[in-house]
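S.K.: The amino acid sequence is not available; the structure is as follows:
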C-alpha cells in the first residue's frame, strides 16, 4: 500500500471512531432523557426464605414512598446508590439495579441464608452461612437448627463464628445445612462450657455427644453406622447416650 493509501486509511479509521463515539454519546443522552415508567422487582427465593418482599424492597428504593422512581428521568436515578441502599438491609446478600432499553428499572435481590438460630435469654438471633449475626424477622421464621450454649462460653455474637475458634463451629453448621438427612434429623444443638457439642435428634431419645467440632465428616459417618446397624438390631429405646468424640469408637450407653 502506498503512503497516500495509508494516510487515507488512517483518516477513514479516525472518522469512523469519531462517528461511533458521537452516536454512542447521542444514544446515551437519549437514554438519560427517558422516563422510568415501571420498576420490576425480582427476589431470589432459592432457599425458600421470605425475609424480604416486594413492599420492603420498594420502600427501600423510594425511602418509604418519599421519592417514587416512576416518573423520574433516568438522569435523576442513581443506580449504584439504590444498590447500596438495598444491600444495607440485613437480609439482602446481594442486589443489582439496572436500566433496561425502554428506560424502566429492573431490580434483582438475593437474600441472605440463615443456617442456625441462637437461643438467647434476651432475644434470639440467626447466623448466616458466612457467620454473620442476623436479627429475627416479623415476616418469616426460618426452619433452621436452634443452638443453646453454656453461660460460661464466650459470647457467640459479634464475630464469634468468624474467628479462628468459631470457624470450626461454623463449618459444623455448614455441613449440617448442606446435608438433607442431618438437617432434618438434628433437632437441637448445644455447646457446653468446654466448647463441646451435643445434639438432640428428631427421631430417637439419644443424646448425641459430638465433642469439639473436629473430624466432622468422620463423626457423622460413625453416627450413620449407629443409625443403620446398631439401632435396628438393639432397638431405638435401648440407648440414651451415644458418644462420637473419640477416634474409631462409638460409645453407646
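M.R.: Ah, there it is. This one's a predicted model, so the numbers in the text were calculated from it and none came from an experiment.
S.K.: contacts, neighbours, all on C-alpha from now
M.R.: OK.
S.K.: Can you tell me the SS state at residue 67?
M.R.: coil (DSSP: H, G, I helix; E, B strand; the rest coil).
S.K.: Kindly tell me how buried residue 232 is, as a neighbour count.
M.R.: Residues lying near residue 232 (other C-alpha atoms under 10 Å) number 10.
S.K.: Distance-wise, check it relative to residue 129.
M.R.: From residue 232 across to residue 129, the span is 35 Å (C-alpha to C-alpha, to the nearest Å).
S.K.: what does residue 185 give?
M.R.: Distance from residue 185 to residue 129, by C-alpha to C-alpha: 19 Å.
S.K.: Show me how this structure divides into domains.
M.R.: 39-111, 115-252 (automatic domain parsing).
S.K.: any chance of these in TSV, plus mean pLDDT?
M.R.: Listed next are these as TSV, based on pLDDT from 0 to 100:
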stretch	mean pLDDT
domain 39-111	89
domain 115-252	89
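S.K.: Distance to residue 33 added to those domains, as TSV?
M.R.: Output for the domains of the chain, formatted as TSV (distance: least, C-alpha to C-alpha, whole Å):
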stretch	distance to residue 33
domain 39-111	6
domain 115-252	38
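S.K.: can you pull the contacts of residue 73?
M.R.: Residues near residue 73 by C-alpha atoms under 8 Å, 6 or more residues apart in numbering: 32-36.
S.K.: Which parts of the stretch 151-253 of the chain are strands?
M.R.: 186-191, 197-201, 207-211, 241-243, 251-252 (DSSP state E, counting those that start in this stretch).
S.K.: Show me what the last one is packed up against.
M.R.: Applying 3 or more C-alpha pairs under 8 Å, 6 or more residues apart in numbering; DSSP states H and E, we find strand 251-252 packed against strand 241-243.
S.K.: could you pull out the helices for the stretch 51-200 of the chain?
M.R.: According to DSSP state H, counting those that start in this stretch, the stretch 51-200 of the chain carries its helices in the segments 54-62, 79-87, 166-177, 180-185.
S.K.: of all those, which lies closest to residue 143?
M.R.: helix 180-185 (9.7 Å; C-alpha to C-alpha).
S.K.: any idea how far that closest one is from the chain center?
M.R.: 19 Å (C-alpha atoms, centre = their mean, to the nearest Å).
S.K.: likewise stretch 226-246?
M.R.: 35 Å.
S.K.: Would you mind measuring the gap between the ends of it?
M.R.: One end of stretch 226-246 sits 14 Å from the other (C-alpha to C-alpha).
S.K.: With stretch 182-192 instead?
M.R.: 21 Å.
S.K.: check contacts around residue 148.
M.R.: So residue 148 contacts 118-120, 188-191 (C-alpha under 8 Å, 6+ apart).
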